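**Q** how would this look folded up:
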Amino acid sequence: MPGYGISYFGSPGEKPAYPNATPLHLAAFDGDTETTQRLLAEGSDPDARASRGETPLLLASMNGHTGVVRALIKYGADSNLLPDEGHSALRSAIRGGHSDIVRLLLARGANPNAKPAAKSVSAEEWAKSHEQMRASTEKMERAMSALGVEESGASDILDDVFSEVPPKPPEEPAGSGPFQCARMAVASGNTETLRAVLEAGFSPDPPAGMEFSSSLLDFACTFGEGIEMVDLLLQHGADPNGGDQNTGPLLTAVIAGNLPFARRLIEAGARTDGFAMGLLSAAVTRENEEMVTFLLDRGIGVDDSTAELLANIGRHLEIVDRIRHKRGTAWLDAVKAGDIEAVRDALVAGADVHAARQHDGTALEIAAGAGNAAMVSLLLGHGADPNRTGDSGISSLHEAAISGSAEVTQLLLDGGVNVHATNRWGMTALHYAATKSASSVADLLIARGARLSSVEAVYLKRFDDAERFWSNGTPVNYTNESGATALHAAVAIGDFVLAASLLDQGAEVDACDKGDQTPLLLAIVAENIGMVRLLLERGANPAGTDEMRKTPLSRACMTWNEPIARLLLENGAPLEQPAPPHLIHPEPPKSPMAEGIRADVEKERKEAAQILPDLLATHQSIRERGITEIAAWNDDSRLWGTIRTLLEFGADPNSADRAGNSLLVFLIESDAPDDLICYALAKGASPNPAGSFRKVSLIAAIGKENISVVAALLEAGANPNGGAVLESPLQIARDRGLDEIVTLLESHGASDEKRQAILAELDEGSRIFLRPATEVGLPPSPAVPPASIGKPALPHFDFGTMRDQMRTRRGDELNERRRQLEEEVRTAEVRGG
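**A** You can find the predicted model right below:
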């Protein structure tokens, strides 16, 4: 019975065993048309019901017995009678792909909306289900705990789910029945069945109000085996853009790699953009070269964002080249490379001088940013507009100022560039020249009319000009386009005397620019401890935040600057910072489940607000990405000093990093000095922290084979039997051959008793996978390679040997069971005789 309750009725060709079945049921089920006609002629009820409401017509429709169905209909069988559970005769025929029967039933008046009513769940049934699932979940969690897997919280989530009232059956919108039938026809893969329901007027598109429903074209692209089904749907008015607005039939076809379907949908007017995933990205991800070529040839997905994505991940670079050639931006690579001749050839061949890439800008912006005067001259000579900008408003003049190239700046000024142009942040080229201390560029800009302010004058160290501004009444707290003051500029250039003088004249010590940068934050980033001390003495707020919600202490810790961190803490800097905006949820919880989610968010918010975990996360990111540009990040001694200072001033020694590891585990696995680990213990770091920490500090120390730290942890109260029962500290030390650590653990009460007790309770068939190799007669574990130092040693398994052992054991069990059955048969024969 294709697609229908095999376990409920039995397999095709077998007479189902259910009570109250009449001979007519059995004849209908087997497709015995002759017997069916005889029984009906003798007066058998064509609508007789079996134990669960099954009619002969349902059984015949389900199994595709057209002759039986025709006979039953002739004798008046009701096509809309429903079983207690399952599908109607019509839906069963559709699911089975029996198109002739579908037509017969529809002609008889079968109702596509007919199906058994959904049953409501009573409070008693709901509570019983909760109890049963709770028991199973707790059993699973106990087993996982024994294997050392951290708690999942599944029981709590289950309690939250079942704390709600029993769900009511969903209400379906009007017209959903015909669409559901048509969807069954598509899923059956039978084009003729689909044709039958569409010709009966069933809609190929989901009705209004039907949530989470893909269109039939979506289903056809997923389940269909031939283009005929797509053609049939399109002929009957299926919308090629129907269904979920973020997906759609075309994306489904691309993901499925079905090129004929994709081609037909595009011909029918399917949209090619606006999906949750770009069509070209989907084809590239699945490495479908034929689909990629098809899309590129039609200009689909040919955009900078796709090219930049692929270029950034370093994959499918040949597709990047093809996209750029298609968009006419491939020649920009020559601009970036400074290849004058290649660029000249491209321009002569007709390349668009204003072609741009999403992140690189135009050719003129690229050349100006590189300070390449010859390239800029060539591009201007071919008509490049120096005032053309992208969405950011950054022009070629801004790029020239940032590069500090006076020659390029002069060429652009001669080419008519707007010296007063601002980007979307309100900054002019002069501002960039000033902050980069590019005096020669600034002089050219000022000579062409750029407006110099007291702020830029300080950046450029044109102190006479700055004094003239102030003497003529310019406020000391005047701000330029970026919101910076003269004090910002004095701190940025490191002029201690000028900064002190400005503060004496009333400069606002906590003035913020448009990026919420204060002078104190600038001094910290510059690691100018003298300037930091001056600002703090003049009342700078050590708790302010920038646009990234980072405090001064957080910024100091990010570069592991212990002296500045200590200075800030001595001046009252808090050990916490505001949580990121996405973790702030002011709305009150509306249900127990929402309250649980809110609690999880609150926990994440608190973790993100602590300086110490944030510092650990920065270290982890630096190591994973291999960042070496910042000198401070190549000196771990700065990190250890910063952590010690944070602990000294009260940072929580039991906070976890974002990977779920405790500070102790972090220090041990990062090879921190032993005295720092002991200092953390002295400050209250628990060797047995509460909660679901991913790793145990004692096991981490054993992994590092550091007996000094193992001893310190045990003296501080580390549980010698902690961690996974089957991967205990004692077992790991033994597996590694660390005899001294084994002796040390045993002297502090380490024991195998619990492990042995659990092993004794485990089923023998499962136990073989959990015991060390030596206990099952397999080869011993190989030597631990250097890359795995710090990780618990895993047993080495010979799976072929294990398989043979398990087969032997299973064979012995079957032989024993066979012997028992034979004995039972002999006993029964004796009794019967």
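**Q** for the rest of this, base every contact and every neighbour count on C-alpha atoms.
**A** Noted.
**Q** what sits against the closest residue to Ile529 other than its chain neighbours?
**A** Spatially, and ignoring its direct neighbours in sequence, Ile529 is nearest to Ile564 (6.0 Å; C-alpha to C-alpha, 6 or more residues apart in numbering). Ile564 makes contacts with 524, 527, 529, 532, 556, as judged by C-alpha atoms under 8 Å, 6 or more residues apart in numbering.
**Q** selection in PyMOL covering whichever of the residues you listed are buried, please.
**A** Selection of buried members from the contacts of Ile564 for PyMOL, criterion 16 or more other C-alpha atoms under 10 Å:
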select buried, resi 524+527+529+532+556
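**Q** how about the contacts of Ile564 in a markdown table, adding pLDDT, secondary structure and distance to Lys74?
**A** Shown next, in a markdown table, are these (pLDDT from 0 to 100; DSSP: H, G, I helix; E, B strand; the rest coil; distance: C-alpha to C-alpha, whole Å):
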| residue | pLDDT | secondary structure | distance to Lys74 |
| --- | --- | --- | --- |
| Ile524 | 95 | helix | 92 |
| Glu527 | 93 | coil | 94 |
| Ile529 | 96 | helix | 99 |
| Val532 | 97 | helix | 97 |
| Ala556 | 91 | helix | 89 |
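**Q** just the contacts of Ile564 now: which is nearest Gly723?
**A** Ala556 (35.7 Å; C-alpha to C-alpha).
**Q** that's a helix at the residue nearest to Ile529, yeah?
**A** Yes. Checked against DSSP: H, G, I helix; E, B strand; the rest coil, Ile564 lies within a helix.
**Q** could you measure from it over to Ile524?
**A** 7 Å (C-alpha to C-alpha, to the nearest Å).
**Q** give me the common contacts of the two.
**A** Contact criterion C-alpha under 8 Å, 6+ apart; residues shared by Ile564 and Ile524: 532, 556.
**Q** name the nearest residue to His23, ignoring sequence neighbours.
**A** Actually, residue 23 is Pro rather than His. Using C-alpha to C-alpha, 6+ apart, the closest residue to Pro23 is Leu39 (7.9 Å).
**Q** C-terminal to the helix or strand where His488 lies, what's the next element?
**A** For His488, the element it lies in under DSSP states H and E is helix 486-492. Under the assignment DSSP H and E, the closest C-terminal helix or strand after helix 486-492 is helix 496-504.
**Q** export that next one to CSV, keeping only CA atoms.
**A** This file holds the C-alpha atoms of helix 496-504, laid out as CSV (Å, rounded to 0.1, in the frame of the first residue of the first chain):
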residue,chain,number,x,y,z
PHE,A,496,50.4,66.2,26.9
VAL,A,497,51.0,70.0,27.4
LEU,A,498,48.3,71.1,24.9
ALA,A,499,45.8,68.6,26.4
ALA,A,500,46.5,70.0,29.9
SER,A,501,46.2,73.5,28.6
LEU,A,502,42.9,72.8,26.9
LEU,A,503,41.5,71.2,30.1
ASP,A,504,42.6,74.3,32.1
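**Q** when you give positions from now on, start the count at 280
**A** In the new numbering, first residue 280, that becomes helix 775-783.
**Q** just checking, what packs against that helix?
**A** Under the contact definition 3 or more C-alpha pairs under 8 Å, 6 or more residues apart in numbering; DSSP states H and E, helix 775-783 sits against helix 765-771, helix 808-816.
**Q** related to what we said a few turns ago, quick one: which of the contacts of Ile843 is nearest to Val944?
**A** So of the contacts of Ile843, ranked by how close each gets to Val944 (C-alpha to C-alpha), first place is Ala835, at 23.4 Å.
**Q** residues in contact with that closest one?
**A** 803-804, 806, 841, 843-844.
**Q** what is the end-to-end distance of stretch 500-507?
**A** First-to-last distance for stretch 500-507 - C-alpha to C-alpha - comes to 11 Å.
**Q** what about it, average pLDDT?
**A** Averaged over stretch 500-507, pLDDT sits at 73.
**Q** thinking again about what came up before, show me the contact partners of the helix holding His767.
**A** Residues contacting helix 765-771 (C-alpha under 8 Å, 6+ apart): 714, 733-735, 737-738, 755-758, 775, 777-778, 781-782, 786-788, 797-798, 801-802, 805, 810.
**Q** list the buried ones in that helix?
**A** Neighbour count says helix 765-771 has 765-771 buried, by 16+ other C-alpha under 10 Å.
**Q** can I have it written out in CSV, keeping just the CAs?
**A** Taking C-alpha atoms only, helix 765-771 is exported to CSV below (Å, rounded to 0.1, in the frame of the first residue of the first chain):
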residue,chain,number,x,y,z
ALA,A,765,40.5,70.0,20.1
LEU,A,766,41.0,67.8,23.1
HIS,A,767,40.4,64.7,21.0
ALA,A,768,43.0,66.0,18.6
ALA,A,769,45.5,66.8,21.3
VAL,A,770,45.2,63.3,22.8
ALA,A,771,45.4,61.7,19.4
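**Q** average pLDDT for that helix?
**A** 96.
**Q** residue contacts, the closest residue to Gly794 other than its chain neighbours?
**A** Distance criterion C-alpha to C-alpha, 6+ apart; nearest residue to Gly794, sequence neighbours excluded, is Glu826 at 5.5 Å. Neighbouring residues of Glu826 by C-alpha under 8 Å, 6+ apart: 794-796.
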